[in-house]
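Q: Starting from these lines, generate the structure:
(one chain, ligands or ions: 4)
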Amino acid sequence: YDLEQDLRQAIARRELLLEFQPLIDAQARRVCGAEALLRWHHPTRGAVSPARFVPVLEAIGLAGEIGMWVLNAAVREAGEWQDRGFVDMRMAVNVSGLQLDGDDLPILIERTLERHELGANCLEIELTESVATSDAAHCRRIFEQLRAMGVKLAVDDFGTGYSGFSSLRTLRFDKIKIDREFVTAVDTRVDSQAICQSIIALAHGLGIRVLAEGVERHAEYAWLRAHGCHHFQGYYFSRPLDADRFAAFARDAP
Ligand code: G
Ligand code: G
Ligand code: MN
Ligand code: NA
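A: Ligands and ions are numbered 1, 2, ... in the order given. Have a look, this model is predicted:
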């Protein structure tokens, strides 16, 4: 597979970069952070979606290395935000289940935070519900260590996985991200309304935050906001942006 050879060299050739999609706090009427999204600009293929290449890099054993590249670049950028005077901004980073293998993720994250002098509570790790299915006890230990450090934990793509509610109790996430599948057309689809309402009620009951992903239209935002959703993300507010455009957006948006 030639993607494989190219991926092995992507870091060294500086073909990987991050984009930052604003996260909106509706009540505070401000940008409260960003999700870091990995991008690969291949010299001849052009932009390759992480949906395509992340599975490949997991298959060839590069999930850890590139995952640490992403964490370092994201934490460094969050440090830049602090230097620019942004306050209370959180950087959300996607972590794949493979990165939880072994015991060293917490210490690697701790060193990364120290390197860039970032407080742990400015970092949020996004994981899907399915991470905990392989070795639940191991996951729980890793999560507890991260939580003890002050790192925030978000469950991504909520509602699409297969571990159901048990992960909310055992892994004690700080935030639920409602999958775009349920957000699209939530203003008109009765089934999506029932699902979003129950996820929002679940978050409120657990005393944790809830974010709607993939908000593309004002009517979706208005419906979700009226029904108690705290945070929002999607093209309606902004596409993922490069670092400079994100900073300009966060400065001007409120
Ligand atoms: O940003 P986009 O919609 O192209 O992302 C497609 C998929 O790639 C999404 O499922 C997203 O979670 C995943 N993804 C984006 N960036 C990262 C990353 O840094 N690490 C991992 N593991 N997945 C990522
Ligand atoms: O799996 P995860 O939730 O991490 O993936 C997020 C992906 O969703 C990102 O790759 C991002 O590019 C994409 N995305 C973000 N906002 C929107 C949106 O409003 N509409 C659509 N179609 N995709 C979005
Ligand atoms: Mn995500
Ligand atoms: Na998602």
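
Q: Just list the residues touching Leu153, thanks.
A: Under the criterion of CB atoms under 8 Å, 6 or more residues apart in numbering, the neighbours of Leu153 are 124-125, 127, 143, 146-147, 171-175. In this view, the C-beta of every residue, glycine as well, is placed from N, C-alpha and C.

Q: element containing it?
A: strand 152-158 (DSSP states H and E).

Q: Direction included, what does that strand pair against?
A: When pairing is defined by DSSP bridges, strand 152-158 lines up against strand 123-128 (parallel), strand 175-178 (parallel).

Q: Pull out the buried residues from that strand.
A: Residues of strand 152-158 classed as buried: 152-158 (neighbour count, 16 or more other CB atoms under 10 Å).

Q: restrict those residues to those near ligand 3?
A: Asp156 (CB under 5 Å from the ion).

Q: For stretch 20-38, measure first residue to last.
A: 9 Å (CA to CA, to the nearest Å).

Q: outside of it, which residues touch it?
A: Stretch 20-38 is contacted by residues 16, 18-19, 50, 54, 66, 70, 73-74, 77, 88-94, 124, 126, 211, 221, 225, 229-233, 237-243, 246, 249-250, 253-254 when judged by CB under 8 Å, 6+ apart.

Q: So what's the gap between that stretch and the chain middle?
A: Distance of stretch 20-38 from the chain centroid (CA atoms, centre = their mean, to the nearest Å) equals 11 Å.

Q: Is any residue of it near ligand 2?
A: Yes - using CB under 6 Å from any ligand atom, stretch 20-38 reaches ligand 2 at 21, 37.

Q: How about that stretch and ligand 1, touching?
A: Yes - against ligand 1, stretch 20-38 shows contacts by CB under 6 Å from any ligand atom at 37-38.

Q: Stretch 241-254 now?
A: No - no part of stretch 241-254 sits near ligand 1 under the criterion CB under 6 Å from any ligand atom; the closest distance found is 12.0 Å.

Q: Can you read off the pLDDT for the closest residue to Ser134 other than its chain neighbours?
A: Using CB to CB, 6 or more residues apart in numbering and skipping the chain neighbours, the partner closest in space to Ser134 is Gly97 (6.7 Å). Listed pLDDT for Gly97 reads 90.

Q: wait, Ile142 sits on Leu100?
A: Yes - using CB atoms under 8 Å, Ile142 makes contact with Leu100 at a distance of 5.4 Å.

Q: what about Ser35, neighbour count?
A: Residue 35: Glu, not Ser. By other CB atoms under 10 Å, the residues close to Glu35 number 25.

Q: before we move on, what about the one 10 residues further on?
A: Using other CB under 10 Å, Arg45 has 13 neighbouring residues.

Q: Show me what from the stretch 51-200 of the chain comes close to ligand 2.
A: Residues of the stretch 51-200 of the chain lying near ligand 2 (CB under 6 Å from any ligand atom): 94, 156-157, 180.

Q: Generate JSON lines for those residues, with distance to Ile199 and pLDDT as supplementary columns.
A: As requested, those are exported to JSON lines (distance: CB to CB, whole Å; pLDDT from 0 to 100):
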{"residue": "Asn94", "distance to Ile199": "20", "pLDDT": "97"}
{"residue": "Asp156", "distance to Ile199": "13", "pLDDT": "94"}
{"residue": "Asp157", "distance to Ile199": "12", "pLDDT": "92"}
{"residue": "Arg180", "distance to Ile199": "13", "pLDDT": "97"}
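
Q: which one of the residues you listed sits closest to ligand 1?
A: Proximity of those to ligand 1 was ranked by CB to the nearest ligand atom; the top entry is Asn94 with 3.9 Å.
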